[in-house]
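> let me see the structure of the following:
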Amino acid sequence: MLSKESRKKEAMHHKDILGDGAKKRKSLPAKEKVGVVMSEFKNNTLHSGSGKKVTNPKQAIAIGLSEARKAGAKIKPKGEHMAHHKKEHEHHKKEMHHKKEKHHETKKEMMHEKKKEHHKK
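Numbers count the residues shown, from 1 in each chain. Alright, predicted model coming up:
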């Protein structure tokens, strides 16, 4: 049985021909596919389904995740991961806005108190 590293190396060594890398990757376990796809992308040997070389790293990640899903890896469905981050970001923005409002209210109150004290003198 081949070790994890030797499986990856074997899957990455292929001719720069459309479909050759995909054939080699089929034998890999799902969780190793994304890493191998990214290595192929870095070596400029990753092809899309249309046959063109992949030049966008996001597309390379999408290819790797898609292959891993097909192989049975438990990966969140498309878009679900980013939707979660968007919700977190919106929540954080609201919190920061609320803190700023509180800060301005207390600052206004302080200035108001200072003016009162100044006028009393």
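> what about residue 72, which SS state?
Three-state assignment for residue 72 (DSSP: H, G, I helix; E, B strand; the rest coil): coil.
> what does it show for phi and psi?
phi 100, psi 10 (degrees, to the nearest 10).
> how about the nearest residue to it, chain neighbours excluded?
Closest residue to residue 72 apart from its sequence neighbours, by C-beta to C-beta, 6 or more residues apart in numbering: residue 30 at 5.4 Å. Where you see a C-beta, it was placed from the backbone N, CA and C, and this is true even at glycine.
> doesn't residue 68 make contact with that neighbour?
Yes: using C-beta atoms under 8 Å, residue 30 is in contact with residue 68, at 4.5 Å.
> more neighbours: the two, which one.
residue 68 (22 against 16; other C-beta atoms under 10 Å).
> low-confidence ranges in the chain?
1-2, 4-21, 23-24, 78-85, 97-105, 120-121 (pLDDT under 70).
> can you pull out the helices in it?
For the chain, helices defined by DSSP state H occupy the ranges 4-12, 20-25, 30-42, 57-70, 80-120.
> quick check: domain ranges of the chain?
The chain breaks down by automatic domain parsing into domains covering 4-70, 77-121.
> still on that earlier bit, run through the residues that contact the residue nearest to residue 72.
Each residue near residue 30 by C-beta atoms under 8 Å, 6 or more residues apart in numbering is listed here: 68, 69, 71, 72, 73.
> these, buried ones only, as a PyMOL selection?
Command for PyMOL that selects the buried part of those, burial taken from 16 or more other C-beta atoms under 10 Å:
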select buried, resi 68+69
